[in-house]
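Colleague: quick one: sequence plus predicted model below, questions after.
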Amino acid sequence: MNDSLNTSDVSKLSVKELQQELLDAKQEIENLKNTSDNYKSLKRNIYSEFEEDIHIYKEMFYTSPILKAVLIGPNFIVKSANPAILQFLGKDEGLIGKPYLKEVPELEEQGLGNLLREVYKTGIPYSAIEMPVYLNINNQLVLSYYDFVYQAHRNIDGDICGVVIMVTDVSSRVKLNEELKISNHRFQELIFSSPGLIAVLTGKDFIIEIANDAIIDIWGKGPDVIGKPIFKVLPEILEQGMDKKFEEVFNSGKPLVAQEFPIMHERDGKLVEGYFDFIYQPQKDINGKIIGVAVIANEVSKTAKLNQKIRESELKFRQLANLIPDKISNADENLNTFYYNQSWLDYSGLTLDYLLENGWTELVHPDDVETITRIAEDALRTKSDVEMELRFKDKNGDYKWHLSRATAVRDENGDFQSWVSATTQIHKIKEEEKRKEEFLKMVSHELKTPVTSIRGYTQLLLSMIKENEAIKSSNIPLESSLRRIDNQINRLIRLISEMLDLSRIEDNQLVLQKSKFNINDLVEHTVQDIKISNPNSDVKIEHKFKTSIFADKERIEQVLVNFITNAIKYSPNSKNIDIKIFQEVEGKVSVSIRDFGIGITKAHIKKIFTRFYRVDGKNEETYSGFGIGLFLVNEIIERHEGTIKVNSKKGNGSEFIFTLNTI
Ligand code: ADP
């Protein structure tokens, strides 16, 4: 078909041809129209695809958790920055259009500006992993770690026009890695620097996966053992049946603990025995499946050998203790007895189990229980040695006297360990003592009457001499002899009364006859009486306090006589005695008797109030006496609910102070 038709051509054409031409032209127009429509739709399609892409890229850019920004030009003007980076920098949209490095100056200070410039200049991307960067957040430099990429940004002509930055904050990962490293290091340290023996064996062949230096040293096969099966490395322990123990732990999943377990290790071709405390611990994977066994052990050969010796020596001690006729027992700090020797069982007829469970208290005579309880309470409190006499029931139900000594055993630091008690039967001695006491009582009684009558006659003779001038003027020393007899008889009478008092105390028959009297007057009278028979003594009385008391006058006089005559007796080189009556505490009166004689050592002070106790010394014979006086004094003052205090030093004299209640 022709491209165009003019009028001369039209005249030449037939109608048919014209019609055809017209149809063709119509078709062409239609085609053109279609082409234009296609083009339009194509354009529309292309445009919408383009829009879609931009949208996707925008979405990716703005919603990405990765911190992104596009910086343009040599001054790195922020062209776009996603919300993530804005939030992270603590900025808002206002950052857009501003120079990045001026807005975040701390980056320039840390050399990141130079990196940006380098990328901008060379086009070579820069990437960093876990780089520490300080950012100024609320005026404080905060350290974080980042993975980041600086990438050159090019225009459509391919020329560099800026830098794209993409940053990921990996601080938590870095921290986690750091912690992992530390914990790994600690784990390594723990295992490898531990003096304890540690190994981890894996699989059914117990391959040595980990073995610290300490265990490698004990094995004695050198360091090249990792990766080898344990029983190939240490065939000697296989022979000792240790494989059974590992297998038991591996199969049961239960740990195995042993103490002072003997194991032989081969060293220089010889088997050497060592003792070990160990635990074999099953090792599980994260699914709980048993994959091996960990060995944690300690060599305790020295302690084990020592314990062995202790056990042997303990056995010997027990055998020895069983041979002793004395009753030996051992108790803890609460007086719970955990050991009785054979003598206890033989005497009581009870079994060891029974005694261990019920103790020995039920064997004690009911009358002794109170004293024992008091002594036991004291011992528990003071943890000092105790001695007591008490009666224990034997297997026939008879009570026998015993002397029981409990010693507080201490270790080398002086810390209390246990009570060791030795109990000896003293029944016969006690009976003997009783007989002697009975005899003394009887003798004292029998002596009292004749001695009193001798004293009566002596005093009668003395008074007769006084009135008889002939005897007086003669040279016969009748009066002085009679005075001496009177003195000696007085001493004898005092001794007899003390003996009788002793029996009264034994029989619990010392009864007080209380009345009201003035203590100052009593002291004065007593001193006057004593002065008659001790004219050389210089006794001074100081009444700092005057009062009456309600007490047994005769007994208190006896106390005074005892203290004062002792003060005279034990002061051979000094005649001065100072007596003072004073008040220290409201409602009480104290009397002090002070001498300047031989004094008493501290150790003896505690004991002088016990019956028949006399201080031993080279001058012992010089001072006559029986050691009864202070015992009686103590009994009397105790029965008056009073107290006695002694201040004394060897060679420096003594002061005895007794205190009683006033009315
Ligand atoms: P004795 O009959 O032996 O004097 P006591 O019971 O009165 O008995 O005294 C007991 C012991 O206390 C005496 O043997 C003596 O060693 C000591 N004693 C008592 N009073 C004094 C004192 N004033 N100075 C030194 N030692 C004293």
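Modeller: Thanks, I have the structure now.
Colleague: burial of A258, as a residue count?
Modeller: Using other Cβ atoms under 10 Å, A258 has 15 other residues around it. (C-beta placed from N, C-alpha, C; glycine too.)
Colleague: helix or strand: which one has it?
Modeller: A258 belongs to strand 256-267 when assigned by DSSP states H and E.
Colleague: quick one: contacts of that strand?
Modeller: 218-220, 234, 236-237, 240, 242, 245, 248-249, 271-280, 300, 303-304, 307 (Cβ atoms under 8 Å, 6 or more residues apart in numbering).
Colleague: which ones among those residues are found in helices?
Modeller: Among these, the members falling in helices (DSSP state H) are 218-219, 236-237, 242, 245, 248-249, 303-304, 307.
Colleague: can you put the residues you listed in TSV and add neighbour count and distance to the ligand?
Modeller: Output for those, formatted as TSV (neighbours: other Cβ atoms under 10 Å; distance: Cβ to the nearest ligand atom, whole Å):
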residue	neighbour count	distance to the ligand
I218	20	68
W219	22	73
E236	16	74
I237	19	73
M242	18	73
K245	17	72
E248	15	74
V249	23	74
T303	14	52
A304	19	56
N307	14	51
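Colleague: now those in JSON lines, with distance to V443 and pLDDT?
Modeller: Shown next, in JSON lines, are the ones in helices among the contacts of strand 256-267 (distance: Cβ to Cβ, whole Å; pLDDT from 0 to 100):
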{"residue": "I218", "distance to V443": "81", "pLDDT": "91"}
{"residue": "W219", "distance to V443": "86", "pLDDT": "92"}
{"residue": "E236", "distance to V443": "85", "pLDDT": "93"}
{"residue": "I237", "distance to V443": "84", "pLDDT": "94"}
{"residue": "M242", "distance to V443": "83", "pLDDT": "94"}
{"residue": "K245", "distance to V443": "82", "pLDDT": "95"}
{"residue": "E248", "distance to V443": "83", "pLDDT": "95"}
{"residue": "V249", "distance to V443": "84", "pLDDT": "96"}
{"residue": "T303", "distance to V443": "66", "pLDDT": "92"}
{"residue": "A304", "distance to V443": "67", "pLDDT": "92"}
{"residue": "N307", "distance to V443": "62", "pLDDT": "92"}
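Colleague: for the chain, name the helix or strand with the lowest mean pLDDT.
Modeller: Of the helices and strands making up the chain, the lowest-confidence element is helix 7-12, at a mean of 52, by mean pLDDT, DSSP states H and E.
Colleague: helix or strand next in line after it, which one?
Modeller: Next along from helix 7-12, by DSSP H and E: helix 15-63.
Colleague: which SSE is immediately downstream of that next one?
Modeller: Next along the chain from helix 15-63, counting by DSSP H and E, comes strand 67-72.
Colleague: then that next one to PDB, C-alphas only?
Modeller: The C-alpha atoms that make up strand 67-72 are tabulated as PDB, following Å, rounded to 0.1, in the frame of the first residue of the first chain:
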ATOM      1  CA  LEU A  67      21.900   1.800  61.000                       C
ATOM      2  CA  LYS A  68      22.100   3.400  57.600                       C
ATOM      3  CA  ALA A  69      22.900   6.900  56.300                       C
ATOM      4  CA  VAL A  70      23.900   8.400  52.900                       C
ATOM      5  CA  LEU A  71      26.400  11.200  53.100                       C
ATOM      6  CA  ILE A  72      27.000  13.400  50.200                       C
END
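Colleague: quick one: the helix or strand following that strand to helix 15-63, angle?
Modeller: Next in sequence after strand 67-72, counting helices and strands by DSSP H and E, comes strand 77-81. Interaxial angle, strand 77-81 versus helix 15-63 (axes from the mean of the first three to the mean of the last three Cα atoms, to 10 degrees): 100 degrees.
Colleague: how about strand 77-81: buried residues?
Modeller: 77-79, 81 (16 or more other Cβ atoms under 10 Å).
Colleague: swap in stretch 399-410?
Modeller: 399-404, 406, 408.
Colleague: excluding chain neighbours, give the residue nearest to I237 in space.
Modeller: Excluding its sequence neighbours, the residue lying closest to I237 (Cβ to Cβ, 6 or more residues apart in numbering) is I263, at 6.4 Å.
Colleague: and that neighbour, how many neighbours?
Modeller: 19.
Colleague: and the gap between it and the ligand?
Modeller: 67 Å (Cβ to the nearest ligand atom, to the nearest Å).
Colleague: who does that residue bridge with?
Modeller: On the basis of DSSP bridges, I263 takes part in beta bridges with G274.
Colleague: count the neighbours of the residue of the stretch 1-150 of the chain found nearest the ligand for me.
Modeller: The nearest approach of the stretch 1-150 of the chain to the ligand comes at Q140, 84.2 Å away (Cβ to the nearest ligand atom). Neighbourhood size, Q140 [other Cβ under 10 Å]: 8.
Colleague: need phi/psi at it.
Modeller: Main-chain torsions, Q140, degrees, to the nearest 10: phi -130, psi 140.
Colleague: so who does the nearest residue to S648 once chain neighbours are set aside touch?
Modeller: In space, and not counting its chain neighbours, S648 is closest to S654: 3.7 Å by Cβ to Cβ, 6+ apart. For S654, the contact set (Cβ under 8 Å, 6+ apart) comprises 567, 570, 594-595, 597, 599-600, 646-648.
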